[in-house]
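[1] sequence? don't have it. structure:
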């Protein structure tokens, strides 16, 4: 499976499967780095994605670049509890047919406020 195919499965899980990452090849020691949470295992990430995925609406990949074993995507989504559309850059790394790392970069201030208020 190519990097582009793996990345396509990853975003399909967000867009069409409510964050169900069961069909996405993740390395056991998959690392996710983000402004409101970090994970160092595929199991931890899958659990988070399964909770976050159903809460996200209108998840869109605005543009995606693939270069060898790395990809960069610009994505947008909405959450009912957070005003406005959230936009992020995400860096993905593939090795030996599996995603090994994802780093998402966005302004999480409104998400943190919603979480502190118990809305998410």
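    Noted; the coordinates are in hand. Since this is a predicted model, take the numbers as computed values, not measurements. Numbers count the residues shown, from 1 in each chain.

[2] the longest strand seen in the chain pairs with which strands, and in what direction?
    Ranked by residue count under DSSP state E, the longest strand found in the chain is strand 82-95. Strand 82-95 has its sheet partners listed here by DSSP bridges as strand 70-79 (antiparallel), strand 98-105 (antiparallel).

[3] give me the mean pLDDT for the longest one.
    Averaging the model's pLDDT scores along strand 70-79 yields 96.

[4] show me the helices in the protein, by range?
    Under the criterion DSSP state H, helices of the chain are mapped to 3-16, 42-55, 109-116.

[5] among the strands paired with strand 82-95, which comes closest to residue 48?
    Among the strands paired with strand 82-95, the nearest to residue 48 by Cβ to Cβ is strand 98-105 (11.3 Å). Placement of C-beta: from N, CA and C, glycine included.

[6] roughly how far is that closest one from the heart of the chain?
    Relative to the chain's own centre, strand 98-105 is displaced by 8 Å; criterion: Cα atoms, centre = their mean, to the nearest Å.

[7] please apply the same query to stretch 24-31.
    13 Å.

[8] and stretch 84-99, by the same measure?
    For stretch 84-99, the distance to the chain centre is 6 Å (Cα atoms, centre = their mean).
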